[in-house]
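**Student:** Build the 3D model from these lines:
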Amino acid sequence: MRRFMWSAAAFAACVVTGPALAQAPAQPPAASVPEKMPFDIPYGQSIGAEKAKQVLAAAEAEGKKRDWKMNIAVVDTNGELVAFLRTEGAQIASVNISQGKAKTAARFRRPTRAFFNGMQATAGAYLPTLDPTLIASPGGIPLIEGGKLIGAIGCSGGTGDQDEIICKAGADLIK
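**Tutor:** Numbering: from 1, shown residues only. Okay, the predicted model is just below:
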């Protein structure tokens with residue numbers, strides 16, 4: 001009997017709110033639609049092993065300078081791992097997280113902070129609809145060379161802001 005009462009209440013709520021939802025505007029206001037595609041960075045030749053090692057070395061040097069233990073991943077344009085470093089004592093759980101951040105930054109052609117900010121603004125409402133492997137935490141930065149995406153770097157082991165600082169040190173190597 002209790003199950004029936006809950007079902008009846010749910011049905012009534014749908015009947016009452018259904019017409020109101022159907023009358024909602026189908027498109028966002030024109031003022032909120034950007035003129036150009038955001039994060040429309042063209043793909044370039046994927047980062048090679050030697051350049052990826054240089055990016056890792058720059059990020060590692062920044063981590064050592066600050067005494068932050070980090071996992072650092074560099075991926076190609078498709079988000080596939082090219083180079084990886086786990087510094088001495090970096091937490092094991094962050095191995096996959098660093099790789100996930102790099103993959104997210106490469107595949108979506110934007111810093112992972114953009115998803116973090118979006119998640120905070122919408123209480124995470126839209127994230128489950130995108131990609132189940134998406135990492136919405138600061139610490140993933142696309143690598144842009146000559147205006148083209150060549151890969152991404154992802155770092156994990158500290159706070160999101162610490163991870164992002166280490167990534168930026170590696171990403172700044174690419175011009």
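**Student:** How about the residue nearest in space to the middle of the chain: what's its closest non-neighbour residue?
**Tutor:** Centroid check for the chain by Cα atoms, centre = their mean gives Thr112 as the closest residue, at 2.9 Å. Nearest residue to Thr112, sequence neighbours excluded (Cβ to Cβ, 6 or more residues apart in numbering): Gly140, at 3.5 Å. For glycine as for every other residue, the C-beta is placed from the backbone atoms N, C-alpha and C.
**Student:** got a pLDDT number for the residue nearest to the centre of the chain?
**Tutor:** Thr112 is assigned a predicted lDDT (pLDDT) of 95.
**Student:** and the gap between it and Glu88?
**Tutor:** Thr112 sits 25 Å away from Glu88, going by Cβ to Cβ, to the nearest Å.
**Student:** what does Leu56 give?
**Tutor:** 15 Å.
**Student:** now swap in Thr133 and tell me
**Tutor:** From Thr133 to Glu88 the distance is 28 Å (Cβ to Cβ).
**Student:** The two: which has the busier surroundings?
**Tutor:** Thr133 (11 against 6; other Cβ atoms under 10 Å).
**Student:** so that one is in which element?
**Tutor:** When secondary structure is defined by DSSP states H and E, Thr133 falls outside every helix and strand.
**Student:** Please report how far it lies from Gly48.
**Tutor:** 24 Å.
**Student:** Next: Gly118.
**Tutor:** 32 Å.
**Student:** for Gly154, same thing?
**Tutor:** Taking Cβ to Cβ, one finds Gly154 at 18 Å from Gly48.
**Student:** out of those two, which sits in the busier spot?
**Tutor:** Gly154 (34 against 13).
**Student:** Can you show me the helices along this structure?
**Tutor:** For the chain, the helices defined by DSSP state H cover 2-22, 49-66, 94-108, 112-122, 160-171.
**Student:** now the angle between helix 49-66 and the last one, please.
**Tutor:** If I follow you right, that is helix 160-171. 130 degrees (axes from the mean of the first three to the mean of the last three Cα atoms, to 10 degrees).
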